[in-house]
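S.K.: Prediction below, plus the sequence it came from.
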Amino acid sequence: MKKLTLLLMIFTIVCSLSALAIGQQGAAWFDSASQQANLNSQAEVTIGANPGQNDVYTVDIEMTFDDTKLSITENDITILLQGWTFEKTVSSDKITIKGYNFGSFFSGSTNIATLTFTTILDGMASLTLDKVLLQENATLITSLESGQVTVQEAPQCMDNDNDGYGDNCNMGADCNDNNANIHPGVAEMCNGVDDDCDGKVDEGSILCSMGEVCSSGQCVLQQQQQNLCTHGQDIQQMNCNCDPTWVNDNGVCRDVEAATTSISNILKSSVPVMIKISQIAAALKAYFS
């Protein structure tokens with residue numbers, strides 16, 4: 001009886017010491033696991049662990065992934081612990097990562113490896129950490145977290161003019177998808193058009209030949225640019241040039257835009273109809289004077 005009691009005491013002490021050795025809790029996780037990724041693209045997920053203040057010198061990780069929606073090889077697993085020796089295996093839907101470094105330890109919150117999955121099917125793909133053992137003087141038990149990657153069909157590139165730019169296109173958006181000569185990166189021209197889609201028209205200093213400047217979408221001699229007619233002036237009599245945005249009405253420059261804007265504002269006003277007619281007549285008279 002005394003021997004049995006002594007054995008029970010020894011067993012209890014051993015169990016208590018073992019609990020002290022392996023009972024410390026750490027945590028393991030997927031960093032950025034709950035994410036979205038387009039079909040036929042890549043999704044990066046990082047495995048990390050936190051052993052607290054314990055110095056870890058071996059790592060043993062097992063995880064499961066949804067191989068109907070995700071694909072990965074050993075070459076797609078990047079180890080983030082410098083100087084460690086690792087063995088990586090991928091078999092069906094299982095990934096195993098084992099590593100050690102008896103000359104270098106890690107402790108605290110640490111990223112261990114990055115997994116680069118290729119998405120192969122739409123839907124929600126689950127990721128599960130089945131086992132993470134961090135070894136020090138004894139095994140450190142970890143609490144595990146799971147994650148998921150939602151794979152979605154990538155939006156189709158809409159490129160009407162086949163210049164590589166458009167809605168949801170890899171090259172980027174297009175400010176005019178009906179003209180293949182207009183898109184980001186193209187050389188700007190003196191034509192009154194935003195050719196390179198930067199929100200500016202005819203910008204730059206090398207649009208015209210030497211001695212010419214870009215004026216209202218046309219290259220004109222600097223002297224001609226300085227001698228532009230005003231509204232109603234006779235081109236021959238005044239020896240001037242009509243602004244390209246105006247109309248040459250039998251040798252007289254007419255500011256069509258100003259007249260159009262004036263009449264449009266009159267039509268939008270709240271004055272009586274008879275007054276509008278009078279005002280429009282005055283605007284037309286001023287235009288043709």
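M.R.: Happy to help now that I have it. Numbering: from 1, shown residues only.
S.K.: Would you map out the domains in the chain?
M.R.: According to automatic domain parsing, the chain comprises the domains 24-152, 227-289.
S.K.: can you pull out the helices in the protein?
M.R.: In the chain, the segments counted as helices under DSSP state H are 2-22, 222-225, 235-238, 256-268, 273-288.
S.K.: and the ones you listed, which one is worst for confidence?
M.R.: Looking at the helices of the chain, the lowest mean pLDDT belongs to helix 2-22 (a mean of 36).
S.K.: which one of the domains of the chain is the most hemmed in?
M.R.: domain 24-152 (a mean of 16; mean count of other Cβ atoms under 10 Å). Quick note: C-beta positions are derived from backbone N, CA and C, even for glycine.
S.K.: from the chain's centre, how far out does that one sit?
M.R.: Offset of domain 24-152 from its chain centre (Cα atoms, centre = their mean, to the nearest Å): 26 Å.
S.K.: With stretch 155-167 instead?
M.R.: How far stretch 155-167 lies from its chain's middle: 17 Å, per Cα atoms, centre = their mean.
S.K.: average model confidence for that stretch?
M.R.: Stretch 155-167 carries an average pLDDT of 86.
S.K.: quick one: contacts for Cys190?
M.R.: By Cβ atoms under 8 Å, 6 or more residues apart in numbering, the contact list for Cys190 reads 202, 207-208, 214, 217-219.
S.K.: Next one: Glu188 from Ser91, what distance?
M.R.: 56 Å (Cβ to Cβ, to the nearest Å).
S.K.: quick one: contacts of stretch 164-171?
M.R.: So stretch 164-171 is contacted by 154-160, 172-174, 177, 183-184, 197 (Cβ under 8 Å, 6+ apart).
S.K.: thinking again about what came up before, can you flag the weakest of the domains of the chain by average pLDDT?
M.R.: domain 227-289 (a mean of 68).
S.K.: May I have the beta-bridge partners of Leu133?
M.R.: With DSSP bridges as the criterion, Leu133 is bridged to Asp60.
S.K.: Check the contact between Thr114 and Val45; I expect there is one.
M.R.: Yes: assessed by Cβ atoms under 8 Å, Thr114 is found in contact with Val45 at 7.2 Å.
S.K.: still on that earlier bit, show me the two of the contacts of Cys190 that sit farthest apart.
M.R.: Cys208 and Gly217 (11.2 Å; Cβ to Cβ).
S.K.: more neighbours, those two?
M.R.: Ranked by neighbour count (other Cβ atoms under 10 Å), Cys208 and Gly217 place Cys208 first, with 19 against 14.
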